[in-house]
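S.K.: Whatever this is, show me its structure:
(2 chains)
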Amino acid sequence: MKKRLLKMISLMMASVLVLGCTACGNSGGDAAETGTNETAEADGAEAEASDAGAEADGEKVTITLWSQFSDPNSTDGNYVAFYNALESIKTDMPNVEVVHEGTESESYKVKLKTAMAGNELPDVFFNWGAGTMKPYVDAGLVLPLDEYMTDDVKGRILGGTLDNFVFDGKTYGYPYSVAVASLYVNTELFEQNNVKIPETYDELLEAVDAFNAAGITPISLGEKDLWPGLMIFGIHAIRMAGAEDFNAALNGTGSFDTPEMAEAAKRVQELAARGGFGSSAMGTSEDDAVAAFKQGRAAMMFMGSWLNGDCEADDAAVKGKISVIKFPVIEGGKGTIDEFHGGSGETFLVSSSTEHPVEAAAVAQYICEKMSKDQYLAGSGMPAWEAEMGDTSELNRLSQEIATLTADATGYVYWLDSLTGGSKADTLMNEIAKLIDGSETPEDFCKNLQALNE
Amino acid sequence: MQKMLGNKKAYWVFVIPALVIYLVMAFIPIAMSGYYSTMQWDGIGAKVFIGIDNYLELVKDEAFLLSARNSLILAVASIVGQLIPALFFALVLARNIKGERAYRTIYFIPVLLSTVVIGQLFLKIYNPDYGALNAILTSLGFEGKDWLGDKRYVLASSFFPIVWQYIGYHMLILYTGIKSVPSDIYEAAQIDGANERQIAWHVTIPLIKSTMKVSLTFAVIGSLKLFDLIWVLTKGGPLHASEVPSTLMYTSIFTRMEYGRGSAMAIFIVAECLLFYFLIEKFFKVENTTY
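M.R.: Have a look, this model is predicted:
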């Protein structure tokens, strides 16, 4: 009797444990389930079916792919390009079946970390480069792609676009876009209010005063989401300290505790205090900030080139009225007008535990190269691969303007959050928010940033 | 049946499934968090044992202390802002007034709405540009405010919907408590010449003390571990001004990738909730009333 009871209990415990495990395993996927998931599952089923049938004419390999491109109907240039690539890979790489699962950006980050902790990574997955990628590389979770990167492939990749994917001399990802931030100006509002489009920093401040007097938000900023503030500080630091010194400070070889950095911080704080970002930037989300600019309620916005699509969208009140300019130089700063904020830093990585490294690497390469061209044509960023662009007359007007602006670029500083990653990025964002809010002096700000390097 | 109940081993068969689920779903994760909280770990790479350093750092961390303070403020706000109105409504509703059912349903609606819906609703109300609140204020000649973006107002603005949402919940708990008091007690009080206020104060409230304790416990524990509405409204911002321990824990783990430190916060929340639970048990001793 006792033995049987023990047996029963242990059996029950085992079954509950197993149930518990599968429940946990599922919940990760369930929580992140999206519309595309169903089709992915259907595809998966088909893949299995065709696997059996296709064995005669060469094996068909199933490659799982995760991305933050969750919405197939989005008009965002990167999304359009990604879904184009996903469609064309079916015909261009008939030996693989790509099963895609898209998850919205914020949930995607969480999902990826959970999958990593549980060692359940897909074969290929979207990720950001530099500091964001480093912990994954250090933990040996991603596959170096050097052996698949032939000279022919390397020759097609534009210079400088791989920098954020290289660790200890090994390359872990292919680039697909070069995104650049510039100052978007609403020319109509400038004309209506008789304001000169700023060429110097003083003119920028004059424009801020003029728009504030007219009751228009001068520069639209969604500081509630914290990362937009990074871009404002980023460009000020580039203009004051120069791209080289700023990059050095960010990677720890240089210093934040310099007069130039303090001046950059001071300028940001003064700009905010002057009402440069309107009266409610701290409580405005990025979505609201973009909406305000799109509806013509704000005169300027300093943002990455992904804004092009929004500005030229059919539902935008400002369609055709927006122009992009270089952020003015700050007098006394070391930076020049041809140094830019942005660069190449988004990619698809291959998991080191994939069963089909060759195919997975090929899929990552295919998608990146294909996206490079398509996202450019869709008006998102600059291309990262050499390609015959064909007819570009339909190309987004702002993308062409940015291409002209950046033609003589002498230096780049990549997005500060991706560059630093993890706790460093979070501290940076919060410090900049304090600066904009006026609750920290520029001197303390520089000291606190420098503390991150020590 | 009698035979089976006599067999002590049979108890185990019935208890074990629930016990195992409880262990797997609640106890083991807490124990694991306790283990992780002694590590320096980014959630991916190697763990380094650092003893209680994570906890020592928490005590020195301004943002964390602020978040702990905020959660205590919320607990007090919940007691004052939820339980008192809830008790009032329950006392009024339980008097068989006209439309009792309708009012009960209306007060309970906010509880049924999803937190995210309420969050989005209040995000729109508070919006500095097109929000209803600022529109009303400006039309009355006052100046509009950036309710969720200004450190001075954010705590009040974000706590208001939290407190408001659960008034109906506590009302229902207390209402049920009041309804279970037999009517002959009221009749006796009435015959003795007590008026409505005296009946409420001297008869009803003392008799529903144990129900009130349940409400109090839920209100306090709920405030201490609150996450959802704050996350939807402010994500703890601006500058940690509306941070509560669980939002800070989330950012520590998933944004800052400080898994060990985040786990220490999780353990803190568990310990804090337990502490308050025992405090309430201790200072709110009531004999179970049976009629």
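S.K.: Which helix or which strand is home to B:I73?
M.R.: Using DSSP states H and E, B:I73 sits within helix B:62-78.
S.K.: contacts for that helix?
M.R.: Residues from elsewhere that reach helix B:62-78 (Cβ atoms under 8 Å, 6 or more residues apart in numbering or on different chains): B:58-59, B:155, B:159, B:162-163, B:166, B:219-220, B:222-224, B:226, B:236, B:240-245, B:247-248, B:265, B:268, B:272, B:276. C-betas here are computed from N, CA, C, even on glycine.
S.K.: so which of those residues also contact chain A?
M.R.: Among those, the residues lying close to chain A (Cβ under 8 Å from any Cβ of the partner chain) are B:H240.
S.K.: Give me the subset of the contacts of helix B:62-78 lying in helices.
M.R.: Counted as lying in helices by DSSP state H, out of the contacts of helix B:62-78, are B:58-59, B:155, B:159, B:162-163, B:219-220, B:222-224, B:245, B:247-248, B:265, B:268, B:272, B:276.
S.K.: OK, contacts around the closest residue to chain A within the stretch 1-150 of chain B?
M.R.: Nearest residue of the stretch 1-150 of chain B to chain A (Cβ to the nearest Cβ) works out as B:G149 at 1.9 Å. Residues counted as contacts of B:G149 (Cβ under 8 Å, 6+ apart) are A:223-224, A:280-284, B:128, B:238.
S.K.: and what of A:E369?
M.R.: With Cβ under 8 Å, 6+ apart, A:E369 has these contacts: A:156, A:174, A:176, A:385, A:387.
S.K.: Quick check: it is in a helix.
M.R.: Yes - residue state for A:E369 (DSSP: H, G, I helix; E, B strand; the rest coil) corresponds to a helix.
S.K.: Show me which residues of chain B sit near chain A.
M.R.: B:9, B:12-13, B:16-17, B:20-21, B:24-25, B:42-46, B:126-129, B:146-151, B:154, B:234-235, B:237-240, B:251, B:254-258.
S.K.: Count the neighbours of the closest residue to B:I97 other than its chain neighbours for me.
M.R.: Excluding the flanking residues, the one nearest B:I97 by Cβ to Cβ, 6 or more residues apart in numbering or on different chains is B:Y103, at 7.6 Å. B:Y103: 15 surrounding residues under other Cβ atoms under 10 Å in any protein chain shown.
S.K.: Same check on B:L207?
M.R.: Burial of B:L207 is recorded as 17 neighbouring residues (other Cβ under 10 Å).
S.K.: go on, the one 3 residues further on?
M.R.: Here the count is done by other Cβ under 10 Å, and B:S210 has 13 residues near it.
S.K.: what helix or strand is it on?
M.R.: Taking DSSP H and E as the definition, B:S210 sits inside helix B:209-224.
S.K.: Next, the angle from that helix to helix B:62-78.
M.R.: With axes from the mean of the first three to the mean of the last three Cα atoms, to 10 degrees applied, the angle from helix B:209-224 to helix B:62-78 works out at 150 degrees.
S.K.: what comes up buried for helix B:209-224?
M.R.: Going by neighbour count (16 or more other Cβ atoms under 10 Å in any protein chain shown), the buried part of helix B:209-224 is B:209, B:211-212, B:215-224.
S.K.: Which neighbouring elements make contact with that helix?
M.R.: Packing contacts for helix B:209-224, counted by 3 or more Cβ pairs under 8 Å, 6 or more residues apart in numbering or on different chains; DSSP states H and E, involve helix B:62-78, helix B:167-179, helix B:259-283.
S.K.: can you give me the angle it makes with helix B:259-283?
M.R.: Taking the same axes, to 10 degrees, one finds helix B:209-224 and helix B:259-283 inclined to each other by 160 degrees.
S.K.: How about residues contacting the following helix or strand past helix B:209-224?
M.R.: Using DSSP H and E, the helix or strand that follows helix B:209-224 in sequence is helix B:228-233. For helix B:228-233, contacts defined as Cβ under 8 Å, 6+ apart pick out B:115-116, B:118-120, B:122-123, B:126, B:148, B:157-158, B:161-162, B:165, B:236, B:242-244, B:247, B:250.
S.K.: if we can go back for a sec, of all the helices and strands packed on helix B:209-224, which one comes closest to A:K170?
M.R.: Each of those has some distance to A:K170 by Cβ to Cβ; the shortest is helix B:259-283, at 26.0 Å.
S.K.: related to what we said a few turns ago, mind checking which of the contacts of helix B:228-233 are buried?
M.R.: With burial judged by 16+ other Cβ under 10 Å, the buried subset of those is B:115, B:118-119, B:122-123, B:126, B:148, B:157-158, B:161-162, B:165, B:236, B:242-244, B:247, B:250.
S.K.: Name the helix or strand for A:A181, please.
M.R.: Counting by DSSP H and E, A:A181 is part of strand A:179-186.
S.K.: how many neighbours does the residue in chain A positioned nearest to chain B have?
M.R.: For chain A and chain B, the shortest gap (Cβ to the nearest Cβ) falls at A:G283, measuring 1.9 Å. Using other Cβ under 10 Å, A:G283 has 27 neighbouring residues.
S.K.: contacting residues for it?
M.R.: Residues near A:G283 by Cβ under 8 Å, 6+ apart: A:224, B:126, B:128, B:146-150, B:154, B:238.
S.K.: can you check A:Q68 too?
M.R.: Listed by Cβ under 8 Å, 6+ apart, the contact set of A:Q68 reads A:102-105, A:108, A:126.
S.K.: For the helix or strand containing A:Y79, name the packing helices and strands.
M.R.: If you go by DSSP H and E, A:Y79 is part of helix A:77-92. If you count contacts as 3+ Cβ pairs under 8 Å, 6+ apart, helix A:77-92 packs onto strand A:96-102, helix A:357-377.
S.K.: Would you mind putting those into TSV with mean pLDDT alongside?
M.R.: Putting the helices and strands packed on helix A:77-92 into TSV (pLDDT from 0 to 100) gives the following:
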stretch	mean pLDDT
strand A:96-102	94
helix A:357-377	92
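S.K.: A:A213: which of these is closest?
M.R.: A:A213 lies closest, by Cβ to Cβ, to one member of the helices and strands packed on helix A:77-92: helix A:357-377, at 39.5 Å.
S.K.: List the buried residues in the closest one.
M.R.: A:357, A:359-377.
S.K.: can I assume A:S351 is in contact with A:V124?
M.R.: Yes - here A:S351 reaches A:V124: they are 7.4 Å apart, a contact under Cβ atoms under 8 Å.
S.K.: between those two, who's got more neighbours?
M.R.: Just comparing A:S351 and A:V124: by other Cβ under 10 Å the higher neighbour count belongs to A:V124, 26 against 23.
S.K.: what is that one paired to in the beta sheet?
M.R.: Taking DSSP bridges as the rule, A:V124 bridges to A:L65, A:V350.
S.K.: By average pLDDT, which secondary structure element in chain B comes out worst?
M.R.: The weakest-scoring helix or strand in chain B, judged by mean pLDDT, DSSP states H and E, is helix B:2-6 (a mean of 65).
S.K.: Actually, chain A.
M.R.: Least confident helix or strand of chain A, by mean pLDDT, DSSP H and E, is helix A:35-54 with a mean of 40.
S.K.: sorry, back to before: got the contact list for the helix or strand just after the strand holding A:A181?
M.R.: The helix or strand immediately downstream of strand A:179-186 is helix A:187-192, counting by DSSP H and E. By Cβ under 8 Å, 6+ apart, the list of residues contacting helix A:187-192 from outside reads A:195-197, A:207, A:211, A:216, A:296, A:299, A:318, A:321-323.
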